[in-house]
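Novice: What would the 3D arrangement of this be:
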Amino acid sequence: MKKKDVTVNHRVRTVREALGLTQREFSKQVGLAQTALSMIEIGKNNLTAKILKLICAEFGVNETWMKTGKGEMLKASPQLKELGDILVDLTPETQEYLLLVARELRNVQQKLLKISDSIPE
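Specialist: Residues are numbered from 1 along each chain as shown. From the prediction side, this is the model:
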């Protein structure tokens, strides 16, 4: 069985798919033509250092992972890290309560986003 060659070009596609973006959406956010992104993903064009840095900055991707495949794909935001630090210090009961509150906040956010999407500009 041949070992799969995973390159930085393949990791670009992995990031895009993990974010649930089409090639058109992803390429627009980093200032590329969709065809250029397609050529990068299939390995026909090389990923430039500039585009690599743009992808990492725009989508919160760990640059080391992008270059080498080592570590976590996405960097944790400072807020997420702080929330994790706080959570560890809470009692199990308080953790459960915080989880319930977070779920409710997520539901409210989703409803608000649906409402704002339906309002014509």
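
Novice: right, and the helix or strand after the helix or strand harbouring residue 58?
Specialist: Following DSSP states H and E, one finds residue 58 within helix 49-59. Beyond helix 49-59 on the C-terminal side, the first helix or strand identified by DSSP H and E is helix 63-68.

Novice: Show me what that next one is packed up against.
Specialist: helix 8-18, helix 49-59 (3 or more CB pairs under 8 Å, 6 or more residues apart in numbering; DSSP states H and E). In this view, the C-beta of every residue, glycine as well, is placed from N, C-alpha and C.

Novice: Tell me which of these is the most buried.
Specialist: Across the helices and strands packed on helix 63-68, averaging neighbours per residue (mean count of other CB atoms under 10 Å) puts helix 8-18 on top, at a mean of 17.

Novice: What is that helix packed up against?
Specialist: Against helix 8-18 (3+ CB pairs under 8 Å, 6+ apart) you get helix 34-41, helix 49-59, helix 63-68.

Novice: Domain-wise, how is this structure divided?
Specialist: Recorded structural domains for the chain (assignment: automatic domain parsing) are 8-68, 78-118.

Novice: Could I get those in TSV, plus columns for mean pLDDT?
Specialist: Converted to TSV, the domains of the chain look like this (pLDDT from 0 to 100):
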stretch	mean pLDDT
domain 8-68	94
domain 78-118	85
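
Novice: follow-up on the earlier one: could you check the angle helix 8-18 makes with the helix holding residue 58?
Specialist: 20 degrees (axes from the mean of the first three to the mean of the last three CA atoms, to 10 degrees).

Novice: Many thanks, we can stop here.
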